[in-house]
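Peer 1: show me how the following folds:
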Amino acid sequence: MLHHVELWVPDLAGALRPWGWLLDALGWKQYQDWPGGRSWRHGDVYLVLEQSPAMSGSVHDRLAPGLNHLAFTVSGEPEVDRLTAEAPAHGWTLLFPGKHPHAGGPSSYAAYLADSWGYEVELQPGPP
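Peer 2: Below you'll find the model as predicted:
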């Protein structure tokens with residue numbers, strides 16, 4: 001079981017806009033809040049955004065070794081479509097727009113979104 005994921009972000013206030021919207025839309029509930037971070041919980045798992053003073057850089061590169069993306073399951077293809085349509089107003093950019101929603105291959109249906117700092121999420125329908 002996954003316990004938690006902690007993302008160190010270079011701009012906490014800026015990251016709260018896209019991530020707060022997305023996590024709220026996915027049914028996550030705000031869990032903790034402190035001057036350098038915030039977390040959301042879904043069941044037993046929580047996700048942290050933190051602007052740590054120990055951070056050694058200010059750029060995330062999803063193509064470098066390390067985290068490429070987080071994948072979330074949504075209720076179905078219509079929910080993928082709804083969130084994809086709303087995401088740009090909340091600071092997300094659709095990746096691979098020419099291949100959307102089949103960027104993962106012809107049998108895949110998903111949205112790949114990136115925030116302003118290069119963190120990527122995948123939204124895919126769960127089992128019926």
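Peer 1: next up, the contacts around the nearest residue to residue 15 once chain neighbours are set aside.
Peer 2: With sequence-adjacent residues excluded and distances taken as CB to CB, 6 or more residues apart in numbering, residue 15 is closest to residue 9, at 4.1 Å. Just so you know, the C-beta spots here come from the backbone N, C-alpha and C atoms, and that holds for glycine as well. With contacts defined as CB atoms under 8 Å, 6 or more residues apart in numbering, the neighbours of residue 9 are 15, 49, 50, 51, 60, 117, 119.
Peer 1: which of these sits closest to residue 5?
Peer 2: The nearest member of those to residue 5, counting by CB to CB, is residue 49 at 9.8 Å.
Peer 1: average pLDDT for the longest helix that the chain contains?
Peer 2: With residue count as the measure and DSSP state H as the assignment, the chain has helix 12-25 as its longest helix. When pLDDT is averaged along helix 12-25, the result is 97.
Peer 1: what's that helix packed up against?
Peer 2: If contacts are counted by 3 or more CB pairs under 8 Å, 6 or more residues apart in numbering; DSSP states H and E, helix 12-25 sits against strand 37-42, strand 45-50, helix 77-86.
Peer 1: all good on my end, thank you.
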